[in-house]
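Have a look at this prediction, sequence included:
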Amino acid sequence: MLSKNTICLWFNSTAVEAAQFYAETFPDSAVGTIHRAPGDYPAGKQGDVLMVEFTVIGIPCIGLNGGPAFQHNEAFSFQVATDDQAETDRLWNAIVSNGGQESACGWCKDKWGLSWQITPRALTAAIADPDRAAAKRAFEAMMQMGKIDIATIEAARRG
């Protein structure tokens, strides 16, 4: 791995499966080198997949098969900026339909417990609108949503 700063994500034993899903789902994503354990370790045996190098939308990551000791939670999430409703729907639906679960305000969780914020650029622009009343309307509309509906956000922004 060439990057000086790499995100390390802890998995029970499914790092390769997760990396493959991310590579198939997100642009500029790929599975890299798979490292096998040179000896036994608490969560596995010599020869088991210990780590997998991968990228998610250009971000270098390592998936570590560390065992069941730690679980992902919402304190860490990938925030993905989408350009339109089709991209928003495709990414959200890919995550949720692959064993994930819906949450609120553009958040969802994949089947490995990683949180994702599928955030249309239109939403970011709306809640940063210099017209604070427009921003508030868009924000209040977002607070009622699971997956973000851009048309509803834009309508709320316009008033």
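Happy to help now that I have it.

for the residue nearest to the spatial centre of the chain, what are its contacts?
Nearest to the mean C-alpha position of the chain, counting by C-alpha atoms, centre = their mean, stands Trp116 at 3.3 Å. By C-beta atoms under 8 Å, 6 or more residues apart in numbering, Trp116 lies in contact with 77-80, 91, 95, 107-110. All C-beta atoms are positioned from the backbone trio N, CA, C, and that covers glycine.

at 6 Å what do you get?
78, 95, 108 (C-beta atoms under 6 Å, 6 or more residues apart in numbering).

Dump these to JSON lines, plus neighbour count, distance to Pro130 and secondary structure.
Output for those, formatted as JSON lines (neighbours: other C-beta atoms under 10 Å; distance: C-beta to C-beta, whole Å; DSSP: H, G, I helix; E, B strand; the rest coil):
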{"residue": "Phe78", "neighbour count": "19", "distance to Pro130": "28", "secondary structure": "strand"}
{"residue": "Ile95", "neighbour count": "26", "distance to Pro130": "33", "secondary structure": "helix"}
{"residue": "Cys108", "neighbour count": "23", "distance to Pro130": "30", "secondary structure": "strand"}
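
and of those residues, the nearest to Ala125?
Ala125 lies nearest to Phe78 out of the contacts of Trp116, by C-beta to C-beta, at 20.2 Å.

wait, what's in contact with that closest one?
Phe78 is in contact with Trp116, counting by C-beta under 6 Å, 6+ apart.

mind saving the C-alpha coords of the helix or strand hosting Thr55 as PDB?
Using DSSP states H and E, Thr55 sits within strand 49-56. In PDB, the C-alpha atoms belonging to strand 49-56 read as follows (Å, rounded to 0.1, in the frame of the first residue of the first chain):
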ATOM      1  CA  VAL A  49      -7.000 -14.200   5.000                       C
ATOM      2  CA  LEU A  50      -5.700 -11.700   7.600                       C
ATOM      3  CA  MET A  51      -6.000  -8.500   5.600                       C
ATOM      4  CA  VAL A  52      -7.200  -7.200   2.200                       C
ATOM      5  CA  GLU A  53      -6.100  -4.000   0.600                       C
ATOM      6  CA  PHE A  54      -8.800  -2.100  -1.200                       C
ATOM      7  CA  THR A  55     -10.000   1.300  -2.300                       C
ATOM      8  CA  VAL A  56     -13.400   2.800  -1.800                       C
END
